[in-house]
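1. Sequence and predicted structure, then a few things I'm wondering about:
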Amino acid sequence: MAKDASFDIVSELNKEEVKNGVQIALKELKNRFDFKGSLFDIKIEGNQLVVKAEDDYKVEQVKDVLFSKLIKRGVPLKNIQFSDSEHALGGNARQTAELVNGIDKESAKKITTAIKNSKVKVKAQIQEDQLRVTGKNRDDLQKVITLVKDIDLPIDVQFTNYR
């Protein structure tokens with residue numbers, strides 16, 4: 001008897017690529033004419049990304065340069081969720097972003113209910129911060145992958161361990 005086929009749905013963010021993107025963005029910003037003599041910084045503190053600049057406009061410019069570098073490195077921007085801007089003394093602005101790794105409970109429930117509602121003969125199990133989908137037919141698993149890609153989620157998902 002044939003063994004069941006399966007795959008995992010995960011949401012991963014490669015921190016090394018984020019660090020590389022931050023370093024490249026800082027290098028470019030130091031050489032840009034419109035940033036000469038102005039204060040700006042991008043730091044990774046634990047599981048957060050901190051962008052500092054003189055005002056909100058400069059923060060947005062720094063984020064644009066950072067995003068372009070992260071996209072080139074294959075980092076999903078959906079997994080970087082920025083909070084509102086904070087203002088410090090001296091008029092400086094600061095914005096923090098959460099680096100999301102793993103699928104949260106609400107997104108996992110949304111994915112599993114969508115799979116169940118699709119009437120495809122597969123089982124979806126939530127395993128901590130990922131989902132395992134198993135089924136007898138590989139074509140059904142392919143249908144589930146296209147279904148999950150069409151769901152509007154607040155995070156980016158990848159499909160791994162396809163067996």
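-> Yep, it's here.
2. Buried residues, stretch 69-86. List them.
-> Applying a neighbour-count criterion of 16 or more other CB atoms under 10 Å, one finds 69-70, 75-76, 79-80 buried in stretch 69-86. In short, each C-beta sits where N, CA and C put it, glycine included.
3. same thing with stretch 7-23?
-> Applying a neighbour-count criterion of 16+ other CB under 10 Å, one finds 7, 9-13, 18, 20-22 buried in stretch 7-23.
4. follow-up on the earlier one: return the member of the buried residues of stretch 69-86 nearest to residue 163.
-> Minimum distance to residue 163 across the buried residues of stretch 69-86 is 23.9 Å, recorded for residue 76 (CB to CB).
5. quick one: low-confidence ranges for this protein?
-> Along the chain, segments meeting pLDDT under 70 span 1-2.
6. Domains of it: list them as residue ranges, please.
-> Structural domains of the chain, as assigned by automatic domain parsing, span the residue ranges 5-11+102-160, 15-99.
7. and the last one, how far apart are its ends?
-> It refers to domain 15-99. Distance between the two ends of domain 15-99: 9 Å, counting by CA to CA, to the nearest Å.
8. ok, back up a step: ok, so of the buried residues of stretch 7-23, who is nearest residue 139?
-> The nearest member of those to residue 139, counting by CB to CB, is residue 7 at 13.0 Å.
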